[in-house]
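Asks: Quick one: sequence plus predicted model below, questions after.
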Amino acid sequence: MPERLTNLRPAQARLVSAIAEHGQLQLAAQACNMSPPAASRMLSDIERDLYAPLFERTPKGMVATFIGEVVARRAARVVAELRDMERDLMDFRSGRGGRVRVGAVTGPALGSVAPAVLALKSEAPRADIAVEVAPSAALVGALARGELDFAFARLPEDLDPADFDIQPALHENVVLLVRAGHPLAARSSLELSQLANLPWILQQRGAPIRQAVETAYAAIGRPPPGDVVTTSSLLFIMALLVESDAVAAMTREVADLMVGESIAARFRILALTNPINVVPYQLLRARDRLLSPIAQRLYQHCRERAVASSA
């Protein structure tokens, strides 16, 4: 019997489920868009293949046997799965559903990806969206392996740009965050030289923001800060800031979130006289892979918001 059950066709499963639901062959045939004689022949074929009756014919209708109950219960699940598959395929083709995987460094993750995800979810609630926030090297590696559909990242020098579709460079602004009661928080204008002897919180060596800070100090002929805690954890940065006079370098998007009313965090952005510039990032996608309809929709949302934020 198990071998024969594996050969059960979707139309047969639909008929068995419909007979169990309606209790009448004629009603089940109508539900399956079949004539009653055709439905009767199909049921006979199923019962012959299984060497067992699935329903008892009674004056009040058709009642499932014990084997019939088992088969009908499983058949109903098969029918439900097929309906779900049809719906998923329709959603996929129309761009209302399906899975999309996007990566981003922190700044565009907050400034572009987050609002783009919310916009797409309002249009396509069934979309399965996964967002990876990580350094550029990890994101571009995942993109090259096919684990991401597209990413906001900086292309490493050892990779061939010809392998990627690269949208125009976008800029991140680096700002310095301190606690609200910091001695320098109320100053209207600050030079980097005034911050050199303070404790700093920076990303790991080689990270774009840390490189930008070190380059900014080199431009004024000063060594980079020496008192540094290295971390990329936002929660740990917050914990250090509220308990010290440390200065944390981060992207404008992250800092705005920290000082915004929605979080009500007690932090301040220092007013630097000269801005700190960081290497631009790009919107990247693998050139040899097509985006699904839902991924294409999110890509367009992200691109529009990135362009708007850089204008």
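Replies: Cool, the structure landed. Just so we're clear, the structure is a prediction, and the values are computed from it rather than from any experiment. Residues are numbered from 1 along each chain as shown.
Asks: Quick one, grab the pLDDT at the residue of the chain most remote from its centre.
Replies: Most distant residue from the mean C-alpha position of the chain: residue 59, 56.3 Å away (CA atoms, centre = their mean). We have a pLDDT of 85 for residue 59.
Asks: ok, now the one 4 residues further on?
Replies: At residue 63 the predicted local confidence, pLDDT, stands at 92.
Asks: got it, and residue 271?
Replies: pLDDT, residue 271: 92.
Asks: circling back: ramachandran coordinates for the residue farthest from the centre of the chain?
Replies: phi -60, psi -30 (degrees, to the nearest 10).
Asks: Return the distance of it relative to residue 24.
Replies: Separation of residue 59 from residue 24 (CB to CB, to the nearest Å): 12 Å. No exception for glycine: its C-beta is placed from N, CA and C like everyone else's.
Asks: Equivalent analysis for residue 221, please.
Replies: For residue 221 relative to residue 24 (CB to CB), the value is 92 Å.
Asks: which of those two has more neighbours?
Replies: residue 24 (16 against 7; other CB atoms under 10 Å).
Asks: tell me the secondary structure for the residue at minimal distance from the centre of the chain?
Replies: For the chain, the residue sitting closest to the mean C-alpha position, by CA atoms, centre = their mean, is residue 130 at 1.9 Å. Residue 130 falls in the strand class when you classify it by DSSP: H, G, I helix; E, B strand; the rest coil.
Asks: wait, it sits on residue 104?
Replies: No: judged on CB atoms under 8 Å, residue 130 makes no contact with residue 104 at a distance of 11.8 Å.
Asks: how close does residue 55 sit to residue 74?
Replies: 15 Å.
Asks: Comparing these two, which residue is more hemmed in?
Replies: residue 55 (23 against 15).
Asks: contact partners of the helix or strand hosting residue 240?
Replies: Residue 240 is part of helix 234-242, with elements assigned from DSSP states H and E. Identification of contacts with helix 234-242 by CB atoms under 8 Å, 6 or more residues apart in numbering yields 177-179, 201, 229, 231, 246, 248, 250, 254, 258, 265-267.
Asks: Helices of the stretch 201-311 of the chain, start to end?
Replies: 208-219, 234-242, 252-259, 293-310 (DSSP state H, counting those that start in this stretch).
Asks: can you tell me the average pLDDT over the longest one?
Replies: It stands for helix 293-310. 86.
Asks: so what secondary structure elements neighbour that helix?
Replies: helix 66-94, strand 98-104, helix 114-123, strand 127-133, strand 150-153, strand 282-286 (3 or more CB pairs under 8 Å, 6 or more residues apart in numbering; DSSP states H and E).
Asks: can you pull up the bridge partners for residue 64?
Replies: residue 55 (DSSP bridges).
Asks: Spell out which residues make up each domain of the chain.
Replies: With domains defined by automatic domain parsing, the chain comprises 2-93, 95-170+280-310, 173-277.
Asks: Give me whichever of those domains is most buried.
Replies: Compared across those, domain 95-170+280-310 shows the largest average neighbour count, a mean of 18 (mean count of other CB atoms under 10 Å).
Asks: tell me the contacts of residue 35?
Replies: Applying CB under 8 Å, 6+ apart, the residues contacting residue 35 are residue 29.
Asks: Check the gap between it and residue 25 for me.
Replies: From residue 35 to residue 25 the distance is 11 Å (CB to CB).
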